[in-house]
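Participant: give me a model of this one.
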Amino acid sequence: MLSGFLAFYLYAMSTDDQLRKAMDRLTRTEKMQARAEKVWKSLDTSRATFINSLRNTGLSYAHAQSKFDDFVEEQRRLRIRLAQEVEAAQREYLALADGGGVQARAA
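Facilitator: Alright, predicted model coming up:
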């Protein structure tokens, strides 16, 4: 009897740890996504400033504009990747939460 309880206790502790780690991952990815969205929203308003700051380093307007366009594309890819990471973290957390609830009810 004690070994069954101990096994369940260790399983519950492991599940709690996994849930905590999954929630930490979800929180971290959501924060990164929020920061990326803030940068994305500021790109339109900062376009001229960004290009002029590059021009002050000696770049031509066309080259500075190209650098800005590259940066925008990089940010677009980052937004997509972060959205995928948030979705994966949500799925992982929900799977652990649902799985843990089923195990706890079964016991």
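Participant: how about residue 59, secondary structure?
Facilitator: Secondary structure for residue 59, judged by DSSP: H, G, I helix; E, B strand; the rest coil, is coil.
Participant: quick one, what contacts it?
Facilitator: Counting by CB atoms under 8 Å, 6 or more residues apart in numbering, residue 59 touches residue 67. (C-beta placed from N, C-alpha, C; glycine too.)
Participant: again, 10 Å this time
Facilitator: Going by CB atoms under 10 Å, 6 or more residues apart in numbering, residue 59 touches 51, 53, 65, 66, 67.
Participant: next one: residue 23
Facilitator: The neighbourhood of residue 23, defined by CB under 10 Å, 6+ apart, consists of 89, 92, 93, 96, 97.
Participant: closest one to residue 83 out of those, please.
Facilitator: Set against residue 83, the nearest of these by CB to CB is residue 89 (10.9 Å).
Participant: same question for stretch 41-58: list its buried residues.
Facilitator: Within stretch 41-58, the residues that count as buried by 16 or more other CB atoms under 10 Å are 50, 51, 54.
Participant: take the residues you listed and lay them out in JSON lines including secondary structure and pLDDT.
Facilitator: As requested, the buried residues of stretch 41-58 are exported to JSON lines (DSSP: H, G, I helix; E, B strand; the rest coil; pLDDT from 0 to 100):
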{"residue": "50", "secondary structure": "helix", "pLDDT": "89"}
{"residue": "51", "secondary structure": "helix", "pLDDT": "92"}
{"residue": "54", "secondary structure": "helix", "pLDDT": "91"}
